[in-house]
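Colleague: Dropping the sequence and predicted coords here.
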Amino acid sequence: MAAAAATIYFANEATLAVEGQTASNPPSESLAVLKDVEVIAEWEHSELYGFGTTRRVGVCKHTAKCTVKFKYMKYLPTVSGATAWFPMWMADATGATPTGVTVDTNTVRLFKITGVFAPQGSGNSKLQAVVESVYFPKFPLKATENEFVPVEMEGIGTFVTYTNP
């Protein structure tokens, strides 16, 4: 059996699209100038030890989640209306149009994040990572004097799927 040819992917050519769980909640928006994209699939593990041995006799995993971290710039600065992405995390998850004001509700807006990474050379398969049902527990916006304003986001999703689109 021959080994498959290895492909090298460039992180500096990554794109990221953020969209809601439905096509209009929120509308799909592509974000550009990404930096430091990180996808971490993780599980909690439980180890089983038994009588008569000091060694582990079993292990199981549970509580799966996928943490997504990224920084971006060149975001759409629209604060309200149907095409606003910037304050979407503050909007009501039942379909309310964002106004820039935090909505007093415990319903969480969920997002789907798709990252596509370009391979070295032409003709090779791209690598795509899709993280489902992502929520953002916080929305930090740090502005440093005489610097561009990047947005650093960290969300938690249910799982990640890798494919070659």
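Modeller: Noted; the coordinates are in hand.

Colleague: tell me the mean pLDDT for the strand ranked longest in the chain?
Modeller: Looking across the chain with DSSP state E, the single longest strand is strand 29-49. Taken as a whole, strand 29-49 carries a mean pLDDT of 83.

Colleague: Now the element after it, going C-ward?
Modeller: Of the helices and strands lying after strand 29-49 in sequence (DSSP states H and E), the nearest is strand 56-73.

Colleague: hang on, the earlier thing: partners of the longest strand of the chain, with directions?
Modeller: strand 9-20 (antiparallel), strand 56-73 (antiparallel) (DSSP bridges).

Colleague: Just the buried residues of the longest one, please?
Modeller: Within strand 56-73, the residues that count as buried by 16 or more other Cβ atoms under 10 Å are 66, 67, 68, 70, 72. All C-beta spots, glycine's among them, are computed from the backbone N, C-alpha and C.

Colleague: now for the helix or strand just after that strand, which elements pack on it?
Modeller: Next along the chain after strand 56-73, taking DSSP H and E as the criterion, comes strand 111-119. Strand 111-119 sits against strand 9-20, strand 127-134, strand 151-157, with contacts defined as 3 or more Cβ pairs under 8 Å, 6 or more residues apart in numbering; DSSP states H and E.

Colleague: now do 10 Å
Modeller: strand 9-20, strand 29-49, strand 56-73, strand 127-134, strand 151-157, strand 160-163 (3 or more Cβ pairs under 10 Å, 6 or more residues apart in numbering; DSSP states H and E).

Colleague: report the angle between the axes of the longest one and strand 111-119?
Modeller: Pointing back at strand 29-49 there. 100 degrees (axes from the mean of the first three to the mean of the last three Cα atoms, to 10 degrees).

Colleague: Quick one: low-confidence residue ranges for the chain.
Modeller: Low-confidence segments of the chain, defined by pLDDT under 70: 1-5, 12-14, 17, 19-33, 74-100, 122-123.

Colleague: Tell me which residues touch residue 162, please.
Modeller: Contact analysis of residue 162 by Cβ atoms under 10 Å, 6 or more residues apart in numbering lists 39, 41, 115, 127, 128, 129, 130.

Colleague: can you do 7 Å?
Modeller: Counting by Cβ atoms under 7 Å, 6 or more residues apart in numbering, residue 162 makes contact with 127, 128, 129.

Colleague: same thing with residue 156?
Modeller: Counting by Cβ under 7 Å, 6+ apart, residue 156 has contacts 65, 67, 134, 135.

Colleague: Ok, residue 132 next?
Modeller: Contacts here follow Cβ under 7 Å, 6+ apart; on that basis residue 132 touches 112, 157, 158, 159.
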